[in-house]
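# the following block contains a protein sequence and its predicted model.
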Amino acid sequence: MFGLKDDWSLDVPARYFTLEDYDGGVARWCPGCGDHGVLTAVQRICRDQQIPPERMVNVSGIGCSSRFPHYMATYGFHGLHGRALPVAEGVKSRRPDLDVWVATGDGDNCSIGAGHWLHAMRYNMNMVVMMFDNNIYGLTKKQTSPTTQTGFKTNTHPRGALLPPIDPITSMLGMSNASFIAQTVDWNPVHLHDTLLLAWKHKGLGFVRIMQRCPQYTNQVFSDFQDDPNSLLLMQHDDGVPVDPALDRTFKNRIEHDPSNMAQAIELAGRRDVIPIGLFYCDPTRPCYDDQSRQGLGMSVEDKLAGLEREFDRFAI
Ligand code: SF4
């Protein structure tokens, strides 16, 4: 970033962004909430990649994690429950030059927003979608969410959740035109950062499920996994999430997984004895709808009206 010129003077960029430039204020999540770590990872990516704050839009729905845009000093849209993705797609289709990030939760995304979720994967517009999965509706105080484990006691199911949970990874692996599906955990900052960075670099919709601790309501759900690194299965491959040498001692449990191998991705997603983390599936050749929707951008009003008239004339009788 800061290079030396031929005359040995320092080559300083006209603008250089520090972490403070993305800091939108003190996050009001509970102490120990996994959301704090995700916020830090995204701000680091912004700083390292020097994303101008005015060229980034963070979009969310409703839920604890959906407070995300408030804590980023960028443009943002804290929208309606389950509706983050259509808003993000609208932004991307009119302003493909902007960096669009979506923060959504398991309640927001997998329940009321599920229809949008499926179609957003299929539309495959260029953005990062972070699904914070804490297995509960935290904002509304411990209600059963679509990913709550069967038998887990909640305020809406005091005798235990009745239905088998949705598996977001398996569901998305079955979605047509999905192009990037990854999983990470909030308690490993290196892997979290590297996974989100890879999703950002991907052309298309980078879907990342983040196992997120909620010490307030689902503390025990992830504590075993957090305490025992061998309960995580690190997927590694040259085309996958890069394995930082800092992770060598942490992750002994590894598997070689080529992210173009859909059959193995489905098999790994079905594992219940361990949590596989890394890149399940990636296909950068999938069509992106924003490549279509950008057509006509920059046309004058007169040209657009003339185009409409031409189309209407085709139906004249
Ligand atoms: Fe985080 Fe849970 Fe608190 Fe919500 S209720 S802010 S998810 S710890």
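Alright, I've got the coordinates. Fair warning: this is a prediction, and the values are worked out from it, not measured in the lab. Numbers count the residues shown, from 1 in each chain.
# which residues touch Cys282?
Ser179, Phe180, Ile181, His202, Asp239, Gly240, Pro259, Ser260 (C-beta atoms under 8 Å, 6 or more residues apart in numbering). (Each C-beta comes from the backbone N, C-alpha and C, glycine too.)
# so who does the first one touch?
Same thing as Ser179. If you count contacts by C-beta under 8 Å, 6+ apart, then Ser179 has Asn124, His202, Gly204, Leu205, Cys282, Asp283, Pro284, Arg286, Cys288 around it.
# would a markdown table of those residues with secondary structure, pLDDT and distance to Met172 be doable?
Listed next are the contacts of Ser179 as a markdown table, based on DSSP: H, G, I helix; E, B strand; the rest coil; pLDDT from 0 to 100; distance: C-beta to C-beta, whole Å:
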| residue | secondary structure | pLDDT | distance to Met172 |
| --- | --- | --- | --- |
| Asn124 | coil | 98 | 11 |
| His202 | coil | 98 | 14 |
| Gly204 | coil | 98 | 13 |
| Leu205 | strand | 98 | 10 |
| Cys282 | strand | 98 | 12 |
| Asp283 | coil | 98 | 13 |
| Pro284 | coil | 97 | 16 |
| Arg286 | coil | 98 | 13 |
| Cys288 | coil | 97 | 16 |
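# just to revisit the earlier point, of the contacts of Cys282, just the buried ones, ChimeraX syntax please.
Buried members of the contacts of Cys282, defined by 16 or more other C-beta atoms under 10 Å, are picked up in ChimeraX with:
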select :179,180,181,202,240,259
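# among the contacts of Cys282, which one lies nearest to Lys304?
Ser179 (30.6 Å; C-beta to C-beta).
# mind listing the strands for the stretch 101-250 of the chain?
Per DSSP state E, counting those that start in this stretch, the stretch 101-250 of the chain carries strands over the ranges 127-133, 180-185, 205-211, 232-236.
# any idea how far Ala182 lies from Trp200?
11 Å (C-beta to C-beta, to the nearest Å).
# give me the common contacts of these two.
Gly206.
# between these two, who's got more neighbours?
Neighbour comparison, Ala182 and Trp200: the larger count goes to Ala182, with 26 against 19 (by other C-beta atoms under 10 Å).
# how about that one, what does it touch?
Listed by C-beta under 8 Å, 6+ apart, the contact partners of Ala182 are Thr195, Leu198, Ala199, Gly206, Phe207, Val208, Arg209, Val241, Gly278, Leu279, Phe280.
# at 7 Å instead, please
Residues counted as contacts of Ala182 (C-beta atoms under 7 Å, 6 or more residues apart in numbering) are Thr195, Ala199, Val208, Val241, Gly278, Leu279, Phe280.
# tell me which parts of the chain are close to the ligand?
Trp29, Cys30, Cys33, Asp35, Cys64, Asn134, Gly138, Cys214, Pro215, Gln216, Tyr217 (C-beta under 6 Å from any ligand atom).
# hmm, 8 Å instead?
For the chain, the residues in contact with the ligand (C-beta under 8 Å from any ligand atom) are 28-30, 32-35, 63-65, 105, 132, 134, 136, 138-139, 141, 212-218.
# what bridges to the closest residue to Gln183 other than its chain neighbours?
Nearest residue to Gln183, sequence neighbours excluded (C-beta to C-beta, 6 or more residues apart in numbering): Arg209, at 4.8 Å. Arg209 forms beta bridges with Met131, Gln183, as assigned by DSSP bridges.
# Arg209 and Thr184, how far apart?
8 Å.
# for the most centrally placed residue in the chain, give me its contacts.
Centroid check for the chain by C-alpha atoms, centre = their mean gives Met130 as the closest residue, at 1.9 Å. By C-beta under 7 Å, 6+ apart, the contact list for Met130 reads Val38, Trp101, Val102, Ala103, Leu196, Val208, Ile210.
# which one of those residues is nearest the ligand?
Taking C-beta to the nearest ligand atom as the measure, the ligand lies nearest Val38 of the contacts of Met130, at 10.7 Å.
# the closest one: neighbouring residues, count only.
Val38 has 25 nearby residues by other C-beta under 10 Å.
# could you verify that it is part of a strand?
No. Under DSSP: H, G, I helix; E, B strand; the rest coil, Val38 falls outside any strand and is assigned helix.
# buried residues in stretch 292-299?
By 16+ other C-beta under 10 Å, the buried positions in stretch 292-299 come out as Ser293, Arg294.
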